[in-house]
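S.K.: would you be able to build a 3D model of this:
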Amino acid sequence: MLDRDGVINADSDAYIKSVDEWHPLPGSLEAMARLSRAGWVIAVCTNQSGVGRGLFTDATVNAIHAELQRQLAPLGGHVDGFFYCPHPPEADCSCRKPKPGLLIQAAAALSFPLQGVPFVGDSRRDMDAARAAGATPVLVRTGKGARTIADGAGLPDWIENDLMAVVTRLLNDD
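M.R.: This is a model prediction of the structure:
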C-alpha cells in the first residue's frame, strides 16, 4: 500500500489540483512497475481533502489516477486499486488518515490481510494509519518525509530514501 503525494509524485502544500500539476518523483513509477511485475498487489491510499474544500473534484482525482495508470502501463505496472478520502479534517471521518479506514477498505476490496503489509508514506499520519490498521509503517524521505523525521515523533523502524529503495528491499527480501 502506498500513499500518493510525496511518495509517488511531488507534493505541494497548495494541493495537486490537476493532471498538469501531477509529476511523478524520479524512479517512483519504475519502482511500482517492479512491484507489479513481481506479482505484488498495489493499493494507493491517499487523503484528498481538496475535494471537500472545493479546490478540485472527484473527477479530477480520478483523472490524476488515470494518468498514473497511463504512465505505468508502458513500464509493465499498474495500480490494483485507488482509495481516497475526500473529506476535510474537521469532518472527523473514519477514512481520513491517521485513522485506518482507507487501508481497511483497500484490504477488503483487494482481498489481502493487513497484518504486516507495508504501507509506504511520508508523514506521521501515514505511519499512524499503518499502525492502527496492523500494517507495517514504512517512511520515505521524499515529500514531507524529511520534515517528519526531523519532528521525530511516531517514527517507524523502517525508513528509506525513496520508493525505489523500499521496493528494492522488499524484492530482495522475497
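S.K.: and G27, its phi and psi?
M.R.: G27 adopts backbone torsions of phi 80, psi -10, taken as degrees, to the nearest 10.
S.K.: tell me the secondary structure at the residue lying closest to it once chain neighbours are set aside.
M.R.: Nearest in space to G27, with sequence neighbours left out and distances taken as CB to CB, 6 or more residues apart in numbering, is M164 at 4.1 Å. (C-beta placed from N, C-alpha, C; glycine too.) Using DSSP: H, G, I helix; E, B strand; the rest coil, the structure places M164 in helix.
S.K.: wait, what's in contact with M164?
M.R.: The contact partners of M164, taken as CB atoms under 8 Å, 6 or more residues apart in numbering, are G27, S28, E30, A31.
S.K.: contact partners of the biggest helix by length in the chain?
M.R.: Criterion DSSP state H: the longest helix present in the chain is helix 58-72. With contact meaning CB under 8 Å, 6+ apart, helix 58-72 is reached by 8-9, 16-19, 22, 24, 29, 32-33, 36, 44, 48, 51, 78-79, 82, 84, 86.
S.K.: got a ChimeraX select line for the buried ones in those residues?
M.R.: To isolate the buried members of these in ChimeraX, using 16 or more other CB atoms under 10 Å:
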select :8,9,16,17,22,24,29,32,33,36,44,48,51,79,82,84,86
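S.K.: and the contacts of helix 58-72, which of them are in strands?
M.R.: V44, F82, Y84 (DSSP state E).
S.K.: specify the beta-bridge partners of T46.
M.R.: Y84 (DSSP bridges).
S.K.: from the contacts of M164, which land in helices?
M.R.: Using DSSP H, these in helices are S28, E30, A31.
S.K.: from these, which is closest to D173?
M.R.: A31 (14.8 Å; CB to CB).
S.K.: that concludes my questions; thank you for your assistance.
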